[in-house]
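A.B. asks: Requesting a structural model of the entry that follows:
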Amino acid sequence: MPRKPTSLRPLYITTDVNLHAEGSCLVSMGETRVMCTASVEKRVPEWMRGKGRGWVTAEYAMLPRATSTRSNRKQNSRALEISRLIGRSLRAAVDLDKMGEVMITVDCDVLQADGGTRTASINGGMVALVLAIHKLREEGVIAANPVISPVGAVSVGIIDGKPALDLDYELDHRAEVDMNIVMNAKGALVEVQGSAEGKPFSRADMETMLDMASAGIKKILVAQKKAVAEGTV
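C.D. replies: Numbering: from 1, shown residues only. Reported below is the predicted structural model:
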């Protein structure tokens, strides 16, 4: 049965998939699969030392055979741009002043790509980050919970003149408008990345896509919360 334009792809989050990382999960959105690990270091970058603040950063990479043809392992400009997006999004979810001088690096490795790898990375990265923070609190390294408001992300677009949510590769390839939205649990926008492929889109189109993304992200945030609480969803 074809998926409705307003529906998310099947979303699954499996936690604690890495023996060594302080926080980890495997997130599946449709056929896109991303392994997310959160690694803790009880130090911060040199430029932050002595300020009593923590830091959250991210790195994104795609395995060579994540797509239909093999790619090079070397990080390219696209991977760097997505790494920065993930890092910005996750930092928006936490109060760095409550972390002390602790750095958490979230690695997002795409095992299989079928569109929406950056949004899946943010969704899984948030879960891995929260799990790592839980561990730090259990160990007494962090006293107060630094999570302000979890974030979720989803793609939206216009396909054949109609809005659609959570684009897979086939839809993304045909999209007249392609947009990635990051929001927090309070409904506030963290990041909006979007562009038209040829035909410009209207402000009304923008509002429709934002509303569609908001509805999808609410469901993603529920799945994230269940995964953290129950282990797998």
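A.B. asks: Go through this protein and flag its longest helix.
C.D. replies: The residue-count maximum for a helix in the chain (DSSP state H) belongs to helix 203-230.
A.B. asks: Can you work out which other helices and strands pack against it?
C.D. replies: Packing contacts for helix 203-230, counted by 3 or more CB pairs under 8 Å, 6 or more residues apart in numbering; DSSP states H and E, involve strand 11-15, helix 117-138, strand 151-159, strand 162-165, strand 177-184, strand 189-196. Every residue, glycine included, has its C-beta placed from N, CA and C.
A.B. asks: and Tyr60, what are its bridge partners?
C.D. replies: Cys108 (DSSP bridges).
A.B. asks: Give me the pLDDT for it.
C.D. replies: In the predicted model, Tyr60 carries a pLDDT score of 96.
A.B. asks: ok so, going back, including distance to Asp109, mean neighbour count and mean pLDDT, could the helices and strands packed on helix 203-230 go into JSON lines?
C.D. replies: Below are the helices and strands packed on helix 203-230 laid out as JSON lines (distance: least, CB to CB, whole Å; neighbours: other CB atoms under 10 Å; pLDDT from 0 to 100):
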{"stretch": "strand 11-15", "distance to Asp109": "15", "mean neighbour count": "21", "mean pLDDT": "97"}
{"stretch": "helix 117-138", "distance to Asp109": "9", "mean neighbour count": "26", "mean pLDDT": "97"}
{"stretch": "strand 151-159", "distance to Asp109": "17", "mean neighbour count": "26", "mean pLDDT": "97"}
{"stretch": "strand 162-165", "distance to Asp109": "25", "mean neighbour count": "19", "mean pLDDT": "96"}
{"stretch": "strand 177-184", "distance to Asp109": "19", "mean neighbour count": "23", "mean pLDDT": "97"}
{"stretch": "strand 189-196", "distance to Asp109": "21", "mean neighbour count": "15", "mean pLDDT": "96"}
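A.B. asks: how about these, which one is nearest Ser71?
C.D. replies: Smallest distance to Ser71 across these (CB to CB): 12.4 Å, for helix 117-138.
A.B. asks: Output the below-cut-off pLDDT ranges for this protein.
C.D. replies: Confidence mapping of the chain against pLDDT under 70 gives the ranges 1, 231-233.
A.B. asks: Find the residue at the geometric middle of it.
C.D. replies: In the chain, the residue lying closest to the centroid (CA atoms, centre = their mean) is Ile122, at 0.7 Å.
A.B. asks: Quick one: residues contacting it.
C.D. replies: By CB atoms under 8 Å, 6 or more residues apart in numbering, Ile122 lies in contact with 85-86, 89-90, 151-153, 182.
A.B. asks: mind redoing it with 10 Å?
C.D. replies: Contact criterion CB atoms under 10 Å, 6 or more residues apart in numbering gives 27, 34, 36, 58, 60, 82, 85-90, 93, 106, 108, 116, 151-154, 180, 182, 190-191, 220 as the residues in contact with Ile122.
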